[in-house]
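Asks: predicted coordinates and the sequence they were generated for:
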Amino acid sequence: MELKEKIRDIQDFPKEGILFRDITTLLKDKDAYRELIDRIADSLKGYDIDIVIGPEARGFVMGAALAYALHAGFVVARKPGKLPCETIKFEYGLEYGSDTLEIHRDAIQPGQRIAIVDDLLATGGTALATIKLAEQVGGKVVAARFAIELSDLEGRKLLSDYDVDAVITY
């Protein structure tokens, strides 16, 4: 199945000059969604993943399904003020601004093997923030996986110390 054909392009979103790759059109297609999760899960076989972390918000959609496929736990990385217990946070840059993510301080136990998953690898800021959160509490990030990589934004360079892969590349 050609998953790239399932992605919708939206010009000038979220601001002028940005070409947004909309994954919701892939997610609503049950066969394409399953294929995407299966491909990512297959790429992580043998990694013995304990926890999958998905950053808000599309990382939740992919991360929960991937955690299920890997028989791993799932941790959400959220915007500030959304988690009810003690958190740690990390501020990072985006291709069009900056943001902050938080996880619960007790979400990950030292030594647990972590996979980060999100819909998009652009500049790498969101993924690196998620990695740094996991590492702050003693997690061992063994892989980062994405549905889409925008290779011209060179986010992979920012993540060069990690095993990074994407299903679709533009």
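Replies: Cool, got the structure.
Asks: who's in contact with the spatially most central residue of the chain?
Replies: With distances taken as Cα atoms, centre = their mean, D118 lies nearest the centre of the chain, 2.0 Å away. D118 sits next to 54-55, 58-59, 62-63, 126-127, 130, 146-147 when contact means Cβ atoms under 8 Å, 6 or more residues apart in numbering. Bear in mind the C-beta positions are built from the backbone N, C-alpha and C, glycine included.
Asks: now with 10 Å?
Replies: By Cβ atoms under 10 Å, 6 or more residues apart in numbering, the residues touching D118 are 53-63, 77, 126-127, 130, 144-148, 166.
Asks: go on, Y162?
Replies: Here Y162 is in contact with 116, 124, 127-128, 131, 141-144, 156 (Cβ under 10 Å, 6+ apart).
Asks: okay, who's weakest in those residues by pLDDT?
Replies: Ranked by pLDDT, those bottom out at G124 (91).
Asks: what's the distance between it and E149?
Replies: 10 Å (Cβ to Cβ, to the nearest Å).
Asks: so what sits against both of those two?
Replies: Contacts common to G124 and E149, judged by Cβ under 10 Å, 6+ apart, are 155-156, 164.
Asks: among these, which lie within helices?
Replies: 155-156 (DSSP state H).
Asks: tell me the contacts of the nearest residue to S151 once chain neighbours are set aside?
Replies: In space, and not counting its chain neighbours, S151 is closest to T169: 5.5 Å by Cβ to Cβ, 6 or more residues apart in numbering. Applying Cβ under 10 Å, 6+ apart to T169 gives the contacts 4, 121, 146, 148-151, 156.
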